[in-house]
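> next comes the sequence, and after it the predicted model I'd like to discuss.
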Amino acid sequence: MSLKRWISDQTEFLDIEGPIILESGETLPQVRIAYRTWGRPRPNATLVCHALTGSADADDWWADLFGPGRALDPEQVYIVCANVLGGCYGTTGPTSRASGAFEPFGATFPEVTIRDIVHTQARLLDHLEIDTLDLVVGGSMGAMQVLEWAVLYPDRVTAIAPIAAGPTQSAWGIALSEAQRQAIKTDSNYADGRYALGAGPARGLAAARAIAMISYRSPHNFESRFAREKAEEDTFEVQSYLRHQGERLVDRFDANTYLTLIAAMDSHDVGRGRGTVESVLQS
């Protein structure tokens, strides 16, 4: 039986009527969630949580994990992945328009947290009639969601696999977020969250991506991969790599969405309002 049999090629959408109350106390009149599924629907599933600039297309960005005999095998398990609240790949976020509005939310989109993201995912699973998650898995911002799933819905989660994230966003991580935030907000095309006509903060977003890409790799990795090799006479290979990554992101992502989601990552702290991080993890 081919893998293709169980793949939902098209993104599906769930509209949740509000008001949706966020952790900040602000509300959204309604929320649309973009999601995809793989496998035969059943009351237990695997939930895949995406990273900062990801989408619901987990079989694209985690292609090597999908398929017969692999970790995410639609022949064996029912798999769900949703674009996060605040995203720009179909779920309500800064690029969305509020009911009756002519302009997208942009920088006026309310602050969301990792907990808000997880609560909206739970609403999606209710809609899909999924009672139990055999596994919740994700990397980076996805791993933050994974940890919150285990704390917010312990009776619903059997196992978790958080990859490349700790129980809190560290001071180092917050500092990197701030550097990326300043790169975007100091772009000449960005003024109070509004872009100049026909332009977006391309240079600022590309610079933010470069900062992020540096944080994803170690000095040893950069040295072994690039060393001091030249791409052109006046350009090092590592410079070319960072510029290319920035250009790619600018072509597919929204700057206000980026700001919304790095702020959500900064909010990550499993101990917030619950006691010590250690006691929460022990639970």
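Received, thanks.
> now the strands for the stretch 101-250 of the chain?
Secondary structure of the stretch 101-250 of the chain by DSSP state E, counting those that start in this stretch: the strands cover 132-139, 160-163, 190-191, 194-195, 230-232, 235-236.
> redo those strands as a markdown table? Include mean neighbour count and distance to residue 55.
The way it works is simple: take the backbone N, C-alpha and C, and place the C-beta from them, glycine included. Listed next are the strands of the stretch 101-250 of the chain as a markdown table, based on neighbours: other Cβ atoms under 10 Å; distance: least, Cβ to Cβ, whole Å:
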| stretch | mean neighbour count | distance to residue 55 |
| --- | --- | --- |
| strand 132-139 | 21 | 13 |
| strand 160-163 | 18 | 18 |
| strand 190-191 | 18 | 23 |
| strand 194-195 | 15 | 22 |
| strand 230-232 | 12 | 29 |
| strand 235-236 | 13 | 31 |
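> just give me the longest strand of the protein.
strand 27-38 (DSSP state E).
> now do it, average pLDDT.
Averaging pLDDT along strand 27-38 yields 96.
> okay, that strand in CSV with CA atoms only?
Output of strand 27-38 as CSV, limited to C-alpha atoms (Å, rounded to 0.1, in the frame of the first residue of the first chain):
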residue,chain,number,x,y,z
THR,A,27,-9.5,38.3,22.6
LEU,A,28,-9.9,37.2,19.0
PRO,A,29,-13.4,37.2,17.5
GLN,A,30,-12.6,33.9,15.7
VAL,A,31,-9.7,31.8,14.8
ARG,A,32,-9.0,29.8,11.6
ILE,A,33,-6.6,26.9,11.9
ALA,A,34,-4.9,25.5,8.8
TYR,A,35,-3.9,21.8,9.2
ARG,A,36,-3.1,18.6,7.4
THR,A,37,-3.5,15.0,8.3
TRP,A,38,-1.9,11.7,7.2
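> what is whatever helix or strand comes next after that strand packed up against?
Per DSSP states H and E, the first helix or strand lying C-terminal to strand 27-38 is strand 44-49. Applying 3 or more Cβ pairs under 8 Å, 6 or more residues apart in numbering; DSSP states H and E, one finds that strand 44-49 contacts strand 79-82, helix 114-127, strand 132-139, helix 141-152.
> out of the ones you listed, nearest to residue 228?
Of all these, it is strand 132-139 that lies closest to residue 228, at 30.1 Å by Cβ to Cβ.
> contacts for that closest one next, please.
By Cβ atoms under 8 Å, 6 or more residues apart in numbering, the list of residues contacting strand 132-139 from outside reads 43-51, 71, 77, 125, 145-146, 149-150, 153, 156-165.
> what mean pLDDT does it have?
When pLDDT is averaged over strand 132-139, the result is 98.
> I'd like to know how far residue 203 sits from residue 107.
Using Cβ to Cβ, to the nearest Å, we find residue 203 at a distance of 18 Å from residue 107.
> should've said residue 83
For residue 83, the distance to residue 107 equals 20 Å [Cβ to Cβ].
> just residue 260 next, same as before
9 Å.
> and for the two, which residues touch both?
Between them, residue 260 and residue 107 share the contacting residues residue 94, judged by Cβ under 8 Å, 6+ apart.
> so residue 84 makes contact with residue 50?
Yes - contact status for residue 84 versus residue 50: in contact at 6.8 Å, counting by Cβ atoms under 8 Å.
> looking at those two, which is more packed in?
More neighbours surround residue 84 than the other of residue 84 and residue 50, with 33 against 24 (other Cβ atoms under 10 Å).
> find me the pLDDT at residue 98, would you?
Residue 98 carries a pLDDT value of 79.
> do I have it right that it meets residue 31?
No - the criterion here is Cβ under 8 Å, and residue 98 misses it with residue 31 at 11.3 Å.
> can you give me the helices for this protein?
Taking DSSP state H as the test, the helices found in the chain are 58-61, 114-127, 141-152, 171-185, 202-215, 219-225, 237-252, 255-266, 277-282.
> including mean neighbour count and distance to residue 102, could these go into CSV?
CSV is the format used below for the helices of the chain (neighbours: other Cβ under 10 Å; distance: least, Cβ to Cβ, whole Å):
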stretch, mean neighbour count, distance to residue 102
helix 58-61, 18, 33
helix 114-127, 21, 25
helix 141-152, 24, 31
helix 171-185, 17, 24
helix 202-215, 21, 24
helix 219-225, 11, 46
helix 237-252, 16, 25
helix 255-266, 23, 17
helix 277-282, 12, 44
